[in-house]
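# Below are the sequence and a predicted model; questions follow.
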Amino acid sequence: MFLWAKLRRKVIFQLGSVLSISLFLITIKTPVSHFSERPITSPPESQAPCRVELDTCVVHFYSTHCAGTPEARATAVKEAVQHAWSSYQNHAWGCDFLKPLSKIGGNGSLRMGESILEAMATLRLMGLGDEFRKADQWLKKHYQISKSSTVKTKTLTTSVLASLLELHYLTDTNNGTQHYLSRASEIGSIVRECYPNPAHLLPMTLIDLDKRQCGQPCRRGAESCLISSADITSSHLELLALARITGEEGLLKTAQSAANMIAQSAPQDGLLPGIINRRTATFQGFEIDINGGGLGYYSGLLKQWILTRQDSFKHRYLLSVHSMARRLISEQEGLTVLGRSSRDLVPEMSVQGCGVSAMLALGYHHGVAPSWHLNLAERLAKTCYLATVSQPTGLTPAVFRIESNGEMSVEDSRSELRPDFLESLLVLWLVTEKQVYRDWGWELFRGIERSARTCSGYTGVLDVRGRGAILRTDKMESWFVGGTLKFLWLLFNEEAGNSKLLNQWVVNERGHMIRVE
């Protein structure tokens with residue numbers, strides 16, 4: 001018995017040592033900075049407190065009993081903006097984006113305080129005066145066009161130019177705020193240099209901000225002539241808006257000439273392939289994918305019609321939507337999918353494609369389109385909602401697929417907390433006044449709070465299917481406050497988010513508002 005007891009103690013000790021070493025090795029191999037502070041699960045609605053203390057963090061579990069009214073929900077979103085903004089201000093002031101887990105700032109190609117520019121309109125709309133004034137002082141004293149970067153003209157227009165135009169619209173121009181328009185005009189002058197000339201029928205997509213020169217002319221047959229269609233078809237709306245404010249005819253002609261060239265080169269059904277030759281203005285390839293950055297072109301047609309009432313924009317928009325419904329829409333066991341087409345239709349949809357519902361509902365609201373456009377918008381929104389709530393994190397995957405039997409699979413598991421689907425929910429709510437779209441938006445917000453909130457801001461998620469510890473990207477994108485949270489706040493704010501919003505404003509693909517005059 002003595003020998004047996006001694007042997008048993010020795011075995012237990014050795015097993016314990018092995019387990020300790022294994023756990024130690026797992027801890028070493030797991031990058032702590034990519035994980036949440038602790039796995040979190042939300043308590044039942046009936047028991048959920050309004051917030052739960054977690055170590056030194058406060059993680060909010062907003063539930064229906066503590067945020068059931070639109071006013072309470074708008075207040076919750078406003079608090080999220082304050083948390084995101086104060087975190088950026090403390091750790092990344094002047095940088096393009098915040099790295100919440102590392103608690104430092106980071107820069108992309110712009111190096112122009114992109115997060116400040118993109119968030120200022122949201123701060124203004126929410127009445128966050130102190131935060132807005134500090135951002136405005138930075139813009140006056142420290143903003144400058146980067147001297148050491150080459151950027152896409154699309155990024156310069158849809159992010160920087162659009163942000164400055166939005167601020168110009170939202171502020172009293174008689175109260176010393178002309179600096180928004182002057183800076184917007186400077187950006188417009190730079191971008192204009194990249195537009196068509198005798199050597200290139202279409203805009204060049206890259207610009208050296210130091211030399212103020214656009215990309216080098218491509219040689220005949222060179223690969224540099226082949227570019228993404230999305231990079232040249234999504235910036236006309238901002239240039240049109242700037243031309244309308246300044247009255248600069250040359251800028252207006254520049255934007256219109258490029259749009260006309262694309263219209264002349266487009267296939268008969270109005271759907272643009274993904275690749276175009278910049279020198280010859282001819283489209284190449286067979287793949288049609290509205291889910292990616294190409295959506296900006298089609299929604300831009302509608303919004304340019306809203307701004308100008310030119311029938312050519314309306315006809316091209318209706319043609320492209322008709323072709324989209326015929327070639328790219330499929331029904332999979334009661335779920336409507338906007339797929340991509342090469343030779344065959346692939347039933348994959350992206351989070352960017354979830355913004356199509358906003359476009360379709362907006363066209364119906366303005367009397368451009370028949371009722372089936374709105375019906376299609378609602379069916380697509382339902383698919384995006386189910387793709388979101390079926391994930392443990394409550395976040396929309398970047399790309400998901402619906403099989404013929406109705407089963408859903410995730411093709412790209414990342415979430416960058418993009419605003420596209422929330423824009424659709426906002427427009428659908430304003431057009432239909434169906435409470436379900438507000439409720440869906442609230443569920444999305446709770447997913448963001450549960451899975452993306454950290455002590456120092458919000459971060460994207462690497463795998464929306466994650467259970468337990470959540471893999472995170474350590475990046476709060478510049479559009480998060482200026483787009484995602486702005487749409488959520490407008491969805492719940494009774495005063496600002498009403499049907500007049502759709503008559504007075506259109507938004508560009510990054511969520512910046514352009515006034516309809």
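Thanks, I have the structure now. What you see is a predicted model; the values in this text were computed from it and never measured.
# buried ones in stretch 409-423?
410, 413-423 (16 or more other Cβ atoms under 10 Å). C-beta coordinates here come from the backbone N, C-alpha and C atoms, glycine included.
# First-to-last residue distance for it?
This stretch, stretch 409-423, spans 24 Å end to end (Cα to Cα, to the nearest Å).
# Which helix or strand in this protein has the lowest average pLDDT?
helix 2-29 (a mean of 38; mean pLDDT, DSSP states H and E).
# pLDDT wise, what is Ser163 at?
Model confidence at Ser163, given as pLDDT, is 97.
# Then Asp55?
38.
# that older thread, can you tell me which of the buried residues of stretch 409-423 lies nearest to Leu374?
Using Cβ to Cβ, Glu423 comes nearest to Leu374 of these, at 15.5 Å.
# Give me the secondary structure label for the closest one.
helix (DSSP: H, G, I helix; E, B strand; the rest coil).
# can you give me the helices in the stretch 1-150 of the chain?
2-29, 70-91, 114-126, 129-141 (DSSP state H, counting those that start in this stretch).
# roughly how far apart are the residue nearest to Glu477 when sequence neighbours are not counted and Ala92?
The spatially closest residue to Glu477, leaving aside those adjacent along the chain, is Glu416, at 5.6 Å (Cβ to Cβ, 6 or more residues apart in numbering). Distance of Glu416 to Ala92, computed by Cβ to Cβ, to the nearest Å: 17 Å.
# Which strand or helix spans the residue lying closest to Thr233 once chain neighbours are set aside?
Leaving aside its sequence neighbours, Thr233 sits nearest to Tyr297 (Cβ to Cβ, 6+ apart; 3.7 Å). Tyr297 belongs to helix 295-308 when elements are defined using DSSP states H and E.
# repeat for Lys211
Short version: Lys211 belongs to no helix or strand, going by DSSP H and E.
# For it, grab the count of nearby residues.
Here the number of neighbours of Lys211 (other Cβ atoms under 10 Å) works out to 9.
# what do you get for the one 3 residues further on?
Here the number of neighbours of Cys214 (other Cβ under 10 Å) works out to 22.
# And for Ser371?
Ser371: 8 surrounding residues under other Cβ under 10 Å.
# For the nearest residue to Gly447 once chain neighbours are set aside, give its distance to Arg450.
Closest residue to Gly447 apart from its sequence neighbours, by Cβ to Cβ, 6+ apart: Gly394 at 2.3 Å. Look at Gly394 and Arg450: by Cβ to Cβ, they are 6 Å apart.
# do Thr396 as well
Distance of Thr396 to Arg450, given as Cβ to Cβ: 14 Å.
# the more surrounded of the two?
Thr396 (26 against 21).
# Identify the residues contacting whichever helix or strand comes after the helix holding Tyr297?
Next helix or strand after helix 295-308 toward the C-terminus (DSSP H and E): helix 311-327. Helix 311-327 is contacted by residues 263, 266, 269-271, 288, 290, 298, 301-302, 304-305, 338, 341, 345, 360, 363, 368-369, 373, 376 when judged by Cβ atoms under 8 Å, 6 or more residues apart in numbering.
# One more pass at 7 Å, please.
Helix 311-327 has contacts (Cβ atoms under 7 Å, 6 or more residues apart in numbering) with 263, 269-271, 288, 290, 298, 301-302, 304-305, 341, 363, 368-369, 373, 376.
# do stretch 292-308 as well
Taking Cβ under 7 Å, 6+ apart as the rule, stretch 292-308 contacts 229-230, 233-234, 236-237, 240, 272, 274, 290, 313-314, 316-317, 320, 350, 352, 355-356, 359, 362-363, 366, 368, 506, 509, 516.
# what's the answer for stretch 245-264, then?
Counting by Cβ under 7 Å, 6+ apart, 181, 185, 188, 192, 195-196, 201-203, 233, 236, 239-240, 242-243, 281, 316 sit against stretch 245-264.
# Of the residues you listed, which qualify as buried by neighbour count?
Applying 16+ other Cβ under 10 Å to those flags 181, 185, 188, 192, 195-196, 201-203, 233, 236, 239-240, 242-243, 281, 316 as buried.
# Before we move on, what's the pLDDT of Thr64?
Confidence at Thr64, expressed as pLDDT, is 42.
# wait, isn't Pro419 in contact with Gly483?
Yes. Look at Pro419 against Gly483 with Cβ atoms under 7 Å: they come within range, at 3.4 Å.
# residues shared between the contacts of those two?
With Cβ under 7 Å, 6+ apart, Pro419 and Gly483 have common neighbours Gly511.
# Stretch 212-229 spans what distance, first to last residue?
For stretch 212-229, the end-to-end distance is 23 Å (Cα to Cα).
# so where's this structure uncertain?
For the chain, applying pLDDT under 70 flags the ranges 1-67, 146-148, 172-176, 196-201, 216-224, 497.
# State the distance from the residue nearest the centre of it to Glu477.
The residue lying closest to the centre of the chain (Cα atoms, centre = their mean) is Arg418, at 3.5 Å. Going from Arg418 to Glu477 by Cβ to Cβ gives 8 Å.
# ok, now Lys140?
Taken as Cβ to Cβ, the span from Lys140 to Glu477 is 25 Å.
# residues near the closest residue in space to the residue nearest to the centre of the chain that isn't next to it in sequence, how many?
Closest residue to Arg418 apart from its sequence neighbours, by Cβ to Cβ, 6+ apart: Val351 at 5.3 Å. Val351 is flanked by 25 other residues according to other Cβ under 10 Å.
# again, but for Ala325
Counted with other Cβ under 10 Å, the burial measure for Ala325 works out to 14 neighbours.
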